[in-house]
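In: Below are the sequence and a predicted model; questions follow.
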Amino acid sequence: METLIEVKGLSKNFGALQAVSDISLNVTRGEVLGFLGPNGAGKSTTMKMITGFLAPSAGSVSVAGFDIEQAPLAAKARLGYVPEGAPAYGEMTPATFLDFIADIRAIPAARRRERITEVIGKIHLEKVMHQRIETLSKGFKRRVGLAQAILHDPEILVMDEPTDGLDPNQKHEVRELIKEMAPHKAIVISTHILEEVDAVCTRAIIINQGRLIFSGTPLELAQRSRYHNAVTIIVPAAARAQAHAVITALAGGHTVEEHLLGNDARLTVSGGQTLPIDDLQRRLADAGCPINGFFVEHGHLDEVFRTLTTAASASGEVHRT
Amino acid sequence: MNGLTTILKRELGAYFATPVAYVFIVIFLVLAGVATFYMGGFYERGQADLEPFFQFHPWLYMFLIPAISMRLWSEERKAGTLELLLTLPVPLGAAVVGKFLAAWLFTAVALAGTLPLWLTVNYLGDPDNTVIFAGYVGSLLMAGGFLAIGACISALTKNQVIAFVVSFVICFAFNLSGFPMVIDMFSAWAPQAIVDVVSSFSFLTHFNSIVKGVIDVRDVVFFATLIAFWLYANVLAIEINKSN
């Protein structure tokens, strides 16, 4: 696949603080790359360097084949960017603001109307086109920021927490939009919401204390979870001991966790080999143990995230110059 | 150049989208009128010229111009739009010049509001209109100088009040750099050559010589160089300071 973003050995120092340290990555057309990491990990700083707002202290960024430092205008022309908080000029209306963006992006007059109409339709801005941006709700402001970034139909789209502060419906809408655009673009998003990675990203990286500590598909991320392929069985609280006995008889080297939820007990079996599920179900039935729920877990992304980002600091990987 | 004019248009529109423009123009016209008629003794002098009007411009601009320039970059920083602007395909220099020209054009509009005064003086007597023209040119050049200073200072902070106060002080110093209050600060320790340079920076001196009706190349070059210098400093201020 065609590589649209190429980042090599990217570093950024702010005085003595090393905010980003030796990050390399590629994003090809059709990919949606998710940036994960705790607050202050360097996600935004990395995005600011990719989009040419900040100059790197070391390393290089190439956007659609153009070096962001050597040919900034050519690179920026091929890029759409939603900075954190989706800033826009408050005294303008979405109509005048998008006109301004179309102007500065040099969208030919012939195509301009059509592009603007298409984008406001896609992002549902019609109702607020003539209200001042500063009076709009957070959701609409975010959409204006998004509209601005996709107006020139860029090959590369970089979005810093595009769904932050949106309600679940708006989040869903933004995710659908990203999925719809994904096949034709290289998209980078940063997020705190781990389900978002599952929902839209084809690949995820985790940045912690300025370093890249994980890169892989959402599935690979989930596989790192202790709970990947773990089996959870819900039985009545009274049958708990019975179920436990059946499971331990079958399992070898597994951990069984028990949680009481009202009248139900939730037993999660993790670790070791994947359990023979059919066998387990049959044995539970044979033992006369009623099953209220039974499912195989995909993996807890938040647990993997916590393990990866806290283990790194504990093992002394903190990098400050 | 496309980016430059686009930014200029947006910025000029931003002045008029808020009450700032109207408040500023009204206050400028009222103060200019008060200064001309009461402090300058426009009628009492019995002369058909606009000297009593122009002589107060350096003092009016000293605090009115920082009020225009303070928002130029501070607001972009505060609202986060600086990041948006600088990731659009526009050279930083074009953005700096575009914003400056918008503010300059805006002061030109305010200054054009004083044209009734020119009509009045022509109605009352027979003034030398070339001198008045020179006065307007000088006034605009000086406004440009103050604006360039203010724009640069505004690029250094996200706080508009700080931008206003610091610009005011620097404009004040440039106004008075031919006067003892500023000269004495240098003459105590600096060699005569530096003291001469400092005193040659006086806006007042350069402006007054233009207002007398002589548009001397040296005065024009002075203001042009000064504007270019501060705009260049403006570019550097943003480059260095944008991550804060």
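Out: Okay, I see it.

In: Name the residues of chain B found near chain A, please.
Out: Listed as neighbours of chain A in chain B under the rule C-beta under 8 Å from any C-beta of the partner chain: B:2-3, B:6-7, B:9-10, B:13-14, B:17-18, B:79-81, B:83-84, B:86-91, B:242-243. Yep, even glycine has a C-beta here, placed from its N, CA and C like the rest.

In: Looking at the stretch 201-321 of chain A, which residue is nearest chain B?
Out: When distances are taken as C-beta to the nearest C-beta, the stretch 201-321 of chain A reaches nearest to chain B at A:Gly210, 14.5 Å away.

In: thinking that residue is in contact with A:Ala41, fair?
Out: Yes - judged on C-beta atoms under 8 Å, A:Gly210 makes contact with A:Ala41 at a distance of 7.0 Å.

In: Neighbour count: these two, which is higher?
Out: Set A:Gly210 next to A:Ala41 and count neighbours by other C-beta atoms under 10 Å in any protein chain shown: A:Gly210 wins out with 26 against 22.

In: Give me the phi and psi for that one.
Out: phi 80, psi 0 (degrees, to the nearest 10).

In: Give the full set of residues in contact with it.
Out: A:11-12, A:18-21, A:23, A:41-42, A:45, A:319 (C-beta atoms under 8 Å, 6 or more residues apart in numbering or on different chains).

In: so what's the residue of chain B found nearest chain A closest to, chain neighbours aside?
Out: Relative to chain A, the nearest point of chain B is B:Gly80 (3.5 Å; C-beta to the nearest C-beta). Setting aside the residues directly before and after it, B:Gly80 is nearest to A:Pro87 in space (C-beta to C-beta, 6 or more residues apart in numbering or on different chains), at 3.5 Å.

In: Okay, now the unreliable bits of chain B?
Out: Chain B contains residues with pLDDT under 70 at B:1-2.

In: Report the secondary structure element holding the spatially most central residue of chain B.
Out: Centroid-nearest residue in chain B, with C-alpha atoms, centre = their mean: B:Ala143, separated by 2.4 Å. Using DSSP states H and E, B:Ala143 maps to helix B:129-154.

In: before we move on, what about A:Ser60?
Out: strand A:58-63.

In: do that strand and chain B meet at all?
Out: No - contact of strand A:58-63 with chain B (C-beta under 8 Å from any C-beta) is absent, the minimum separation being 10.9 Å.

In: What lies in contact with that strand?
Out: Taking C-beta under 8 Å, 6+ apart as the rule, strand A:58-63 contacts A:4-11, A:22-24, A:49-50, A:52, A:67-69, A:75-76, A:78-79, A:156.

In: Take those and keep only those in strands.
Out: A:4-11, A:22-24, A:67, A:79, A:156 (DSSP state E).

In: top of these by neighbour count?
Out: A:Leu79 (27 neighbours).

In: who's in contact with residue 152?
Out: No chain specified, so I'll use chain A. A:77, A:80, A:101-102, A:105, A:107, A:115.

In: Switch to chain B, please.
Out: Here B:Cys152 is in contact with B:230-231, B:233-234, B:237 (C-beta under 8 Å, 6+ apart).

In: repeat for B:Phe168
Out: B:62-63, B:66.

In: CSV for these, including neighbour count, distance to B:Ala108 and secondary structure?
Out: Below are those laid out as CSV (neighbours: other C-beta atoms under 10 Å in any protein chain shown; distance: C-beta to C-beta, whole Å; DSSP: H, G, I helix; E, B strand; the rest coil):
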residue, neighbour count, distance to B:Ala108, secondary structure
B:Met62, 21, 18, helix
B:Phe63, 15, 19, helix
B:Pro66, 26, 17, helix
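
In: what pairs with whatever residue of the stretch 151-300 of chain A ends up closest to chain B across the strands?
Out: Using C-beta to the nearest C-beta, the point where the stretch 151-300 of chain A gets nearest to chain B is A:Val158, with a distance of 8.8 Å. Assessed by DSSP bridges, A:Val158 has beta-bridge partners A:Tyr81, A:Val188.

In: and it, how many neighbours?
Out: Neighbours around A:Val158, by other C-beta under 10 Å: 28.

In: and the helix or strand of chain A with the lowest mean pLDDT, what does it pack onto?
Out: Among the helices and strands of chain A, helix A:301-314 carries the lowest confidence by mean pLDDT, DSSP states H and E, at a mean of 74. Judged by 3 or more C-beta pairs under 8 Å, 6 or more residues apart in numbering or on different chains; DSSP states H and E, the packing partners of helix A:301-314 are helix A:194-200, strand A:203-208, strand A:211-216, helix A:218-223.

In: Give me whichever of these is most buried.
Out: strand A:203-208 (a mean of 23; mean count of other C-beta atoms under 10 Å in any protein chain shown).

In: Run the chain-centre distance for that one.
Out: 9 Å (C-alpha atoms, centre = their mean, to the nearest Å).

In: just the angle between it and strand A:211-216, please?
Out: Relative orientation of strand A:203-208 and strand A:211-216, computed by axes from the mean of the first three to the mean of the last three C-alpha atoms, to 10 degrees: 160 degrees.

In: pLDDT of strand A:203-208, averaged?
Out: For strand A:203-208, the mean per-residue pLDDT is 93.

In: Strand partners (parallel or antiparallel) of that strand?
Out: With DSSP bridges as the test, strand A:203-208 pairs up with strand A:32-36 (parallel), strand A:211-216 (antiparallel).

In: quick one: B:Ala108 from A:Ala102, how far?
Out: 28 Å (C-beta to C-beta, to the nearest Å).

In: now A:Ile207
Out: 34 Å.

In: Check A:Ile116 too.
Out: 6 Å.

In: Also A:Ala237?
Out: 63 Å.

In: out of those two, which sits in the busier spot?
Out: More crowded of A:Ala237 and A:Ala102, by other C-beta under 10 Å: A:Ala102, with 22 against 14.

In: give the contact list for the more buried one.
Out: A:112, A:115-116, A:151-152.

In: Just put those residues in CSV and tack on secondary structure, distance to B:Leu101 and pLDDT.
Out: Formatted as CSV, these follow (DSSP: H, G, I helix; E, B strand; the rest coil; distance: C-beta to C-beta, whole Å; pLDDT from 0 to 100):
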residue, secondary structure, distance to B:Leu101, pLDDT
A:Arg112, helix, 24, 92
A:Arg115, helix, 28, 94
A:Ile116, helix, 27, 94
A:Leu151, coil, 25, 96
A:His152, coil, 25, 95
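
In: buried set for the helix or strand harbouring B:Gly13?
Out: Using DSSP H and E, B:Gly13 sits in helix B:2-17. Within helix B:2-17, the residues scored as buried using 16 or more other C-beta atoms under 10 Å in any protein chain shown are B:3-4, B:6-8, B:10-15, B:17.

In: Repeat that for stretch B:18-38.
Out: B:20-21, B:24-25, B:28-29, B:32, B:35-36.

In: Can you check the distance spanned by stretch B:8-24, start to finish?
Out: Taking C-alpha to C-alpha, to the nearest Å, the first and last residues of stretch B:8-24 lie 19 Å apart.

In: give the contact list for A:Phe214.
Out: Counted by C-beta under 8 Å, 6+ apart, A:Phe214 has contacts A:36, A:204-206, A:221, A:224, A:308.
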